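**Q** make a model of this:
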Amino acid sequence: MAHVVTQARGFTLWLTGLSGAGKSTLATAVGHELRRRGVRVEVLDGDEVRQNLSKGLGFTREDRDTNIRRIGYVAKLLTRNGVVVITAAISPYRAVRDEVRREIGAFVEVYVKASLDECVRRDTKGLYRRALAGEIPQFTGVSDPYEEPLRPELVIDTEREVVGESAARVVDRLVELGYVREAADA
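**A** Next up is the predicted model:
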């Protein structure tokens, strides 16, 4: 019995947004759906990368850019080897996101959007509380800027839809862009 490939080629799905916007949750849901369709997927979660690949980096602009370039480099290697890479990293600065897009080529940017108030409300780690109290310097969205994407391939508003709906919209957009085939074609 032949295995049906539902993936046209490797690509990077870059999820960007504030801490607590829902990037990791969405990455998990989209990854699950793509794997269900037989697609090879690796998720590069910003928190995990910080712990393993970028340990020792701080949160200055230079260090954040270095972290994003490292994520981008790993994503590029996997992408060119036919793997779908889903990144879930704040990646607050537009210029380095655009740089990584140029390096990778097969790149789909998704702005995972939630208001600062909603992110504060969802703050399971207590990071916003500490940042708003001045205990965490250079915290994105509080004391450091987040530069929204200007032309993302998709915007997901996690305040207005549930994760299953958002994941389906991401997969539908990937089909529209030709990165993933329709499930019925599999």
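**Q** what ranges of the protein fall below the confidence cut-off?
**A** 1-8, 183-186 (pLDDT under 70).
**Q** where exactly do the strands run in it?
**A** All strands of the chain, identified by DSSP state E, fall at 11-16, 41-45, 84-88, 107-113, 154-157.
**Q** of these, which is nearest residue 62?
**A** strand 11-16 (18.6 Å; Cβ to Cβ). All C-beta atoms are positioned from the backbone trio N, CA, C, and that covers glycine.
**Q** need the residues that contact that closest one.
**A** Strand 11-16 is touched from outside by 23, 26-27, 30, 75-76, 78-79, 84-92, 97, 100-101, 104, 106-112, 149, 152, 170, 174, 179, with contacts defined as Cβ atoms under 8 Å, 6 or more residues apart in numbering.
**Q** now swap in stretch 147-156 and tell me
**A** Contacts for stretch 147-156 (Cβ under 8 Å, 6+ apart): 16, 22, 26, 92-94, 97, 108-113, 166, 169-170, 173, 177.
**Q** over to stretch 27-35?
**A** 7, 13, 15, 41, 43, 45, 84, 86-88, 163-164, 166-168, 170-171, 180.
**Q** how about 6 Å then?
**A** Contact with stretch 27-35 is made by 15, 41, 43, 84, 86, 88, 163, 167, 170, 171, as judged by Cβ atoms under 6 Å, 6 or more residues apart in numbering.
**Q** which of those residues sits closest to residue 71?
**A** Taking those together and measuring to residue 71 by Cβ to Cβ, the closest member is residue 88, at 9.7 Å.
**Q** count of residues packed around the closest one?
**A** Per other Cβ atoms under 10 Å, the neighbour tally for residue 88 reads 30.
**Q** contacts only, for it.
**A** Per Cβ under 6 Å, 6+ apart, neighbours of residue 88: 15, 23, 24, 27, 45, 46.
**Q** thought the second one was touching residue 45?
**A** By that I understand residue 23. No: judged on Cβ atoms under 6 Å, residue 23 makes no contact with residue 45 at a distance of 8.2 Å.
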